[in-house]
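Chemist: Pasted the sequence and its predicted model underneath.
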Amino acid sequence: MLLAIDTATFRASIALHDGAALRGECTWEAANAHTVTLAAHIADLLRQTGIAVTDLSGAAVCIGPGSYTGVRIGMAFAKGLALSQQLPIVGVPTLDILAEGQPPDNRPLYAIFAAGRRRVGYARYQFQEGRWRAASEIALATWQELLPKIETPALVVGEIDLPGRKALESLGAAVTLPPSAWQLRRAGFLADIAWRQLRKRTRPGQTDALTATAQLTPLYANG
């Protein structure tokens, strides 16, 4: 059983995944209250699914980029859990989680997260070999700076505010915004990615938690 944690931006998400099915998931607007809400939501999810901390066999966490504080809260919790329970831990970038939830498409996908100060973080993805794969580095820009960099026709998905939607409207039909449910970054997809990575390890249950947590560091965007 794997616990996935994402507190990288103003929305937070957690999930429990047994390697075959998603057992439970919770996503909420944490704003600046990640510290207050995270542990409580995890306790509720464990109770509702009848799963104990001792049942966990792995942990996954979003490593950013995103909110400086938000990323660290999630990583601190996940690292503490991995150390205390001797669990293998997997770190996944913010936008990889968002891209994981999108259906196949031949157009490039621009995944977005809110970066503050009227900027967004973004990266371009391309669907290759059955999966969305990053085709650029993560960078920061205002919407007006980002628009000329979008290779149309394209998909744009993620934390898009009202000014962002108005800016994208200027590109007309050249840009498609997926349905609102697909715009949400969910820990269930973080768990899917983490299980794939754990299965590639020779002996996932024997991963040295101390080494894994020491090597796990936050990811920052350029810009």
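Modeler: Now that the structure is in, tell me what you want to look at.
Chemist: Now Arg47: phi and psi?
Modeler: Backbone torsions of Arg47, given as degrees, to the nearest 10, read phi -70, psi -40.
Chemist: For the spatially closest residue to Ala174 that is not a sequence neighbour, the count of nearby residues, please.
Modeler: Once flanking residues are discounted, Ala174 sits nearest to Thr152: 3.7 Å by CB to CB, 6 or more residues apart in numbering. Bear in mind the C-beta positions are built from the backbone N, C-alpha and C, glycine included. Counted with other CB atoms under 10 Å, the neighbours of Thr152 add up to 14.
Chemist: wait, isn't Thr152 in contact with Thr176?
Modeler: No: Thr152 lies out of contact with Thr176 (CB atoms under 8 Å); the separation is 9.7 Å.
Chemist: Report the contact partners of the residue nearest to Ala174.
Modeler: Residues in contact with Thr152, defined by CB atoms under 8 Å, 6 or more residues apart in numbering, are Leu171, Ala174, Val175.
Chemist: What of Ser180?
Modeler: Ser180 touches nothing, counting by CB under 8 Å, 6+ apart.
Chemist: Show me the strands in the chain, by range?
Modeler: 2-6, 11-17, 22-29, 58-62, 89-92, 109-116, 119-128, 131-134, 139-141, 154-158, 175-176 (DSSP state E).
Chemist: Ile42: neighbouring residues, count only.
Modeler: By other CB under 10 Å, the residues close to Ile42 number 18.
Chemist: where does this structure have low pLDDT?
Modeler: 202-212, 223 (pLDDT under 70).
Chemist: show me where it has helices.
Modeler: Using DSSP state H, the helices of the chain run over residues 34-49, 68-85, 94-100, 143-146, 162-169, 187-200, 209-215.
Chemist: most tightly surrounded among the ones you listed?
Modeler: When the helices of the chain are scored by mean count of other CB atoms under 10 Å, the highest mean neighbour count falls to helix 94-100 (a mean of 26).
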